[in-house]
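Asker: 3D model of this:
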Amino acid sequence: MKTVEMVTKIKEELRKIEAAENVKIILAVESGSRAWGFESPDSDYDVRFIYVRNKEDYLRLDPVRDVIE
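Answerer: Okay, the predicted model is just below:
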């Protein structure tokens, strides 16, 4: 079960990604073993998200990588 502290930490990390990548995260979900209820005591937290870039990034002539890892 997620603790309030872990949820807060995950949200902080998502805000850092938004700032570093200049994107807006519109949906974030837990994935991996924890999402399926198969976590072990040392399992990490896997989060997948959908994001949008600013309009200028979509209008650029040079390619912008469409994956954030």
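Asker: for the helix or strand bottoming out on mean pLDDT in the chain, name the packing helices and strands.
Answerer: The weakest-scoring helix or strand in the chain, judged by mean pLDDT, DSSP states H and E, is helix 33-36 (a mean of 87). Applying 3 or more Cβ pairs under 8 Å, 6 or more residues apart in numbering; DSSP states H and E, we find helix 33-36 packed against strand 46-53. Quick note: C-beta positions are derived from backbone N, CA and C, even for glycine.
Asker: helices of this structure, start to end?
Answerer: 4-21, 33-36, 55-59 (DSSP state H).
Asker: put together CSV for the ones you listed, with distance to residue 48 and mean neighbour count on each row.
Answerer: Output for these, formatted as CSV (distance: least, Cβ to Cβ, whole Å; neighbours: other Cβ atoms under 10 Å):
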stretch, distance to residue 48, mean neighbour count
helix 4-21, 11, 12
helix 33-36, 9, 14
helix 55-59, 20, 9
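Asker: the residue nearest to residue 44 when sequence neighbours are not counted: neighbouring residues, count only.
Answerer: Counting by Cβ to Cβ, 6 or more residues apart in numbering, residue 44 lies nearest to residue 32, which is 7.6 Å off, once chain neighbours are set aside. By the criterion of other Cβ atoms under 10 Å, residue 32 has 14 neighbours.
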